[in-house]
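S.K.: here's my sequence, what's the structure:
(chains A, B, C, D, E, F and G)
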Amino acid sequence: MTVKPLQDRVLIKRLEEETKSVGGIIIPDTHKEKPAQGEVIAVGTGYRLHDGSVKALDVKKGDKVLFGKYSGTEVKVGGENYLIMKEDEILGILQ
Amino acid sequence: MTVKPLQDRVLIKRLEEETKSVGGIIIPDTHKEKPAQGEVIAVGTGYRLHDGSVKALDVKKGDKVLFGKYSGTEVKVGGENYLIMKEDEILGILQ
Amino acid sequence: MTVKPLQDRVLIKRLEEETKSVGGIIIPDTHKEKPAQGEVIAVGTGYRLHDGSVKALDVKKGDKVLFGKYSGTEVKVGGENYLIMKEDEILGILQ
Amino acid sequence: MTVKPLQDRVLIKRLEEETKSVGGIIIPDTHKEKPAQGEVIAVGTGYRLHDGSVKALDVKKGDKVLFGKYSGTEVKVGGENYLIMKEDEILGILQ
Amino acid sequence: MTVKPLQDRVLIKRLEEETKSVGGIIIPDTHKEKPAQGEVIAVGTGYRLHDGSVKALDVKKGDKVLFGKYSGTEVKVGGENYLIMKEDEILGILQ
Amino acid sequence: MTVKPLQDRVLIKRLEEETKSVGGIIIPDTHKEKPAQGEVIAVGTGYRLHDGSVKALDVKKGDKVLFGKYSGTEVKVGGENYLIMKEDEILGILQ
Amino acid sequence: MTVKPLQDRVLIKRLEEETKSVGGIIIPDTHKEKPAQGEVIAVGTGYRLHDGSVKALDVKKGDKVLFGKYSGTEVKVGGENYLIMKEDEILGILQ
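M.R.: Okay, here's the model as predicted:
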């Protein structure tokens, strides 16, 4: 079972960052929050334009993307955790 | 008796998640709220475009959909509880 | 005397729900507010589009409609109470 | 001296409701505020559309209209009190 | 030296209302604020439409206009005080 | 070194008003803040219209302009202080 | 590894301003925050117009730009810190 995002939404598998710890001690990150990374798993059909037509998204399945740490909505499908967010919340594609 | 949603609204029958309990004790969910699931029962005629024409919705009767736990308005029709929400509040379609 | 609603507004006669009482005692409704029902008495000429033309409403005189409990403005005409609201506040049509 | 309202504004003479009193005692109105009534005295040239053209208003001189009790701006012209409001603040026309 | 207002702005000379006093005593106005009056001294070239063209204003030099008491920005040019406001803040033209 | 403002922004050299002092004593200005004056040093290419084309600004290099005292962002280029603001924040051109 | 910004976003390498210190003592800057400077490293494909077409950005790789001190989102790619912001947040190009 999977999820087909609607319109300009994107289904993303978050790439976990290694926990910052030294000898088991978690070091609180006092710096400004960095954006998170993830892999695009599925994309919606695209943006609904004012004339009713649809414009495909710029990101595609397999893209590694950067997004704000708190962007999107968490979704659990088939025992796996994903994020669904609008493409406009994605900052850029890692290359 | 049923309800025909107006324009870009969708009538949804919520699929209840099994209550998380162990031996009858309800375990409060301390995690971030996950979106809810439901089945589309009826759809409106579509989006009103700026030129007055109407664009059909992407979801259709029978679709299993994901949406935010607090999306939509509860409606009771013929003794049954439903939700009415705008299609834009639906995150994706389960496949 | 009656009221012709302007543009995309609709004149509605609220259908009162039977008061929930047992033996004359009013039982406060502690549940989430359900939407109210009403009958469309008159409709405006329609939506003003950006090019100045007008698009007729989807609801018509005689339709039974669902709307949020606090939608619209109360109006008293000819000794009768009505509601005036924009069609977009109507959730759906009962069939 | 009179006032020509600009664009989609309307000049209205408020129709005073008879004060609710019994034997000279003013009874405070504890009910939800009902909309006020008035007569259209003058109308602006109309709505400015996006292409620069102008669309005439739906209300005309002499119409009895319903509007929210606190709608519009009070204007005193030639010793008379009027209201100026945008046509969109008018709920409907009394017929 | 004078000021050419930009786009849909208007330069206005406020017409001072006579101070309400009886025998030199200033009587505080406890009523709802009435709009102010002024004379149009100069107008901008007009509204910028979405297609880049410009639509002339409805008010012209010499018009006596009504506007909200606190509308506009005070400007001092050549020792004289004026107001600059957008035409949309003007309620109507006195005739 | 200079700055080319982007799109509908304007680079302005503020014209300092003479400090209000009598015999070296600074008199606090208790009146309503008057707008500031400045000279246009450079202008952006213009407004981006909805169809992607660009519409030139109304102000040009050398214009003396009026703007709100707190409009714009201060910029230091080549040891000189300037303001960058959107043309829409400029109230008018001094002539 | 690098980042391709999406749509109208720009990847910027911040140009650090020399720390204001005298003899190792950091002098707090009590003045109004000045905008920051940076170099454009990569640009998105452009603005999405209403008709679905794309309009290229005005800034290009290598441009030295001015932007608000708190504009954009910090991104760490390949051990280097960058900023991603919308072109509209860039005030001007240094020349």
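
S.K.: tell me how many other residues crowd the nearest residue to A:Asp88 once chain neighbours are set aside.
M.R.: Nearest non-adjacent residue to A:Asp88, counting by Cβ to Cβ, 6 or more residues apart in numbering or on different chains: A:Asp8, 7.0 Å away. Yep, even glycine has a C-beta here, placed from its N, CA and C like the rest. Applying other Cβ atoms under 10 Å in any protein chain shown, we find 20 residues neighbouring A:Asp8.

S.K.: wait, A:Asp8 sits on A:Ile90?
M.R.: No. Using Cβ atoms under 8 Å, A:Asp8 is not in contact with A:Ile90; the gap is 10.5 Å.

S.K.: low pLDDT regions in chain A?
M.R.: Chain A contains residues with pLDDT under 70 at A:17-34.

S.K.: can you map out the strands along chain A?
M.R.: A:3-5, A:9-15, A:21-22, A:25-26, A:36-43, A:47-48, A:54-55, A:64-67, A:73-77, A:80-86, A:90-94 (DSSP state E).

S.K.: Serialize these to CSV and add fields for mean neighbour count and distance to E:Gly38.
M.R.: Shown next, in CSV, are those (neighbours: other Cβ atoms under 10 Å in any protein chain shown; distance: least, Cβ to Cβ, whole Å):
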stretch, mean neighbour count, distance to E:Gly38
strand A:3-5, 22, 55
strand A:9-15, 22, 52
strand A:21-22, 8, 69
strand A:25-26, 8, 66
strand A:36-43, 20, 56
strand A:47-48, 18, 46
strand A:54-55, 16, 48
strand A:64-67, 22, 52
strand A:73-77, 17, 52
strand A:80-86, 18, 47
strand A:90-94, 23, 49
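
S.K.: who's in contact with the residue nearest the centre of chain A?
M.R.: Nearest to the geometric centre of chain A sits A:Ile12, at 4.0 Å (Cα atoms, centre = their mean). Residues counted as contacts of A:Ile12 (Cβ atoms under 8 Å, 6 or more residues apart in numbering or on different chains) are A:38-41, A:65, A:67, A:72, A:82-85.

S.K.: repeat for A:Gly44
M.R.: Residues in contact with A:Gly44 (Cβ under 8 Å, 6+ apart) are A:4-10, A:57, B:92.

S.K.: show me which residues of chain A sit near chain G.
M.R.: Residues of chain A found near chain G (Cβ under 8 Å from any Cβ of the partner chain) are A:32, A:34-35, A:47, A:49-51, A:53, A:55, A:58-59, A:66, A:68, A:87-88, A:90-95.

S.K.: cutoff 6 Å now
M.R.: By Cβ under 6 Å from any Cβ of the partner chain, the residues of chain A that approach chain G are A:32, A:34-35, A:49-50, A:55, A:58, A:90-95.

S.K.: wait, which of the residues you listed is closest to chain D?
M.R.: Using Cβ to the nearest Cβ, A:His50 comes nearest to chain D of the residues of chain A next to chain G, at 12.1 Å.

S.K.: who are the contact partners of the residue of chain A found nearest chain C?
M.R.: Using Cβ to the nearest Cβ, the closest approach of chain A to chain C is made by A:His50 at 9.7 Å. By Cβ atoms under 6 Å, 6 or more residues apart in numbering or on different chains, A:His50 lies in contact with B:50, G:50.

S.K.: same question for A:Ile41.
M.R.: Taking Cβ under 6 Å, 6+ apart, one finds A:11, A:13 in contact with A:Ile41.

S.K.: please report how far it lies from chain F.
M.R.: 33 Å (Cβ to the nearest Cβ, to the nearest Å).

S.K.: now do A:Asp88
M.R.: Applying Cβ to the nearest Cβ, the value for A:Asp88 to chain F is 18 Å.

S.K.: tell me the bridge partners for A:Lys55.
M.R.: For A:Lys55, the beta-bridge partners under DSSP bridges are A:Tyr47.

S.K.: follow-up on the earlier one: list just the nearest of the residues of chain A next to chain G to C:Val77.
M.R.: Distance to C:Val77 across these (Cβ to Cβ) is lowest for A:His50, with 38.5 Å.

S.K.: next, that closest one: phi, psi?
M.R.: With angles defined as degrees, to the nearest 10, A:His50 sits at phi -60, psi -30.

S.K.: of the contacts of A:Gly44, closest to chain F?
M.R.: Proximity of the contacts of A:Gly44 to chain F (Cβ to the nearest Cβ) peaks at A:Asp8, which lies at 19.0 Å.

S.K.: I'd say A:Ala56 and A:Gly46 touch.
M.R.: Yes. With contact defined as Cβ atoms under 6 Å, A:Ala56 reaches A:Gly46; the gap is 4.4 Å.

S.K.: between the two, point out the one with more neighbours.
M.R.: Taking other Cβ under 10 Å, A:Ala56 and A:Gly46 do not tie; A:Gly46 has more neighbours (16 against 13).

S.K.: looking at it, that one is touching A:Val54, isn't it?
M.R.: Yes. Under the criterion of Cβ under 6 Å, A:Gly46 makes contact with A:Val54 at 4.4 Å.

S.K.: name the residue of chain A that lies nearest to chain E.
M.R.: Per Cβ to the nearest Cβ, A:His50 is where chain A lies closest to chain E, at 12.1 Å.

S.K.: any idea how far G:Gly44 is from that residue?
M.R.: According to Cβ to Cβ, to the nearest Å, A:His50 stands 22 Å off from G:Gly44.

S.K.: and the closest residue to A:Leu49 other than its chain neighbours, its phi and psi?
M.R.: Closest residue to A:Leu49 apart from its sequence neighbours, by Cβ to Cβ, 6+ apart: G:Gly52 at 5.0 Å. Backbone torsions for G:Gly52, taken as degrees, to the nearest 10, come to phi 90, psi -10.

S.K.: next, count neighbours for G:Gly52.
M.R.: Neighbour count of G:Gly52, defined by other Cβ under 10 Å: 15.
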